[in-house]
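Engineer: Give the three-dimensional model of this entry:
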Amino acid sequence: MDGKVIVITGASRGIGEAAARRFVAAGAKVALLARSFGAIAELAEELGDAATAEAVDVADWKGMERAIERVEEVFGPVDVLINNAGVIKPVDLLAESDPAEWVKAIEINLSGVYNGMRAVLPGMLERGQGTIVTVSSGAAHNPLEGWSHYCSSKAGAAMLTRCAHLENAEKGIRIMGLSPGTVATQMQREIKASGVGPVAKLNWEDHIPPEWPAEALFWMCGPEADVYLGQEISLRDPVIREKVGLK
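Structural biologist: Down below sits the predicted model:
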C-alpha cells in the first residue's frame, strides 16, 4: 500500500481509527473523514504527514463531494474507499421509534455509502482502477429486535455494494463488503445501554477487537481477496480469519 491514497469514513474511532493506523503503518496516505473534526484532527496529528482530516457528514452529498475533492488536492487520486461510517442509535421498537431519527439512520448508513461511492467512482473509472469496501453487518441479513433502522439500512448498503460491483467490475474496479461481527467499539456500548435484543446481552469480552476488521480491510485491498469480489465476507468464518492471518 506504499503511497496509495485511502479514504476512510467514520474514522474518528473504532474500526475506522484502527484501519487508519493499519494503512498508515503499511505506507499509505490516509484521509480521515468523520463528523467530529476534533477526534480526526487529533488522530491525523498523531499519524503525521501520512494523514489528513476532513470533517463531513456522509449523508450530505455536496459535503462528501467537496471532501473528496480536498483529499485529492492534498494527496492525489483516491485508490481505496472504506465505507465505514454508521450509526446504531436509537435502538427502539418500530412502533415506538422516532420517525426523524429512523430516517436519519437510513441517510447515514445507506445514503452515506452511496455518496462515498458516487464521489470516488468517476475518478476510479477514468483511471481504470480502484477499490471500494463497504463495512456491512450480520444485521443486513437477519432481523433483530429494535434494529429496524439498522437492519434495513445495512441490507440496502449490502445490495448497493453488489450493484456497484455489477456495474464496475469489468472496468477495473474492485468492490466487496466485510461483515465484521460484533466489535468492541462505542457502538457496542450503545447497544448494551439500550438493553434491547440479544446483542445487548453480550459481555464486552464476547466482542472482537477493532484491529481484527482493520486487518481484514487491509487484506481485502490485496490480490489474495480477488476471489471474493462482489461478495460480502464474514469474520465469523474461520476460513476468512485464517486467510487474513487472525488467530
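
Engineer: C-alpha only now, for contacts and for neighbours.
Structural biologist: OK.

Engineer: Let me see the ranges of the strands in the chain.
Structural biologist: Using DSSP state E, the strands of the chain run over residues 5-9, 29-34, 51-55, 80-83, 130-135, 173-179, 232-234.

Engineer: Which elements pack onto the shortest one?
Structural biologist: Yep, that's strand 232-234 we're talking about. The contact analysis (3 or more CA pairs under 8 Å, 6 or more residues apart in numbering; DSSP states H and E) places strand 232-234 against strand 173-179.

Engineer: What would the lowest-mean-pLDDT helix or strand in the chain look like as CSV? C-alpha coordinates only.
Structural biologist: Least confident helix or strand, the chain: helix 186-194 with a mean of 82, by mean pLDDT, DSSP states H and E. Output in CSV follows, covering the C-alpha atoms of helix 186-194 (Å, rounded to 0.1, in the frame of the first residue of the first chain):
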residue,chain,number,x,y,z
GLN,A,186,-18.6,2.5,21.2
MET,A,187,-21.4,1.2,19.2
GLN,A,188,-21.5,-1.9,21.4
ARG,A,189,-21.7,0.2,24.5
GLU,A,190,-24.7,2.0,23.0
ILE,A,191,-26.3,-1.4,22.2
LYS,A,192,-25.6,-2.6,25.7
ALA,A,193,-27.1,0.5,27.2
SER,A,194,-30.3,0.0,25.2
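
Engineer: re the thing from before, can you redo the strands of the chain as TSV, where the extra columns are mean neighbour count and distance to Gln186?
Structural biologist: Shown next, in TSV, are the strands of the chain (neighbours: other CA atoms under 10 Å; distance: least, CA to CA, whole Å):
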stretch	mean neighbour count	distance to Gln186
strand 5-9	27	16
strand 29-34	28	15
strand 51-55	23	19
strand 80-83	26	18
strand 130-135	24	16
strand 173-179	24	17
strand 232-234	20	21
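
Engineer: Include mean pLDDT and distance to Ala20 when you put these into JSON lines, please.
Structural biologist: Output for the strands of the chain, formatted as JSON lines (pLDDT from 0 to 100; distance: least, CA to CA, whole Å):
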{"stretch": "strand 5-9", "mean pLDDT": "98", "distance to Ala20": "7"}
{"stretch": "strand 29-34", "mean pLDDT": "98", "distance to Ala20": "6"}
{"stretch": "strand 51-55", "mean pLDDT": "97", "distance to Ala20": "8"}
{"stretch": "strand 80-83", "mean pLDDT": "98", "distance to Ala20": "10"}
{"stretch": "strand 130-135", "mean pLDDT": "98", "distance to Ala20": "14"}
{"stretch": "strand 173-179", "mean pLDDT": "98", "distance to Ala20": "16"}
{"stretch": "strand 232-234", "mean pLDDT": "96", "distance to Ala20": "20"}
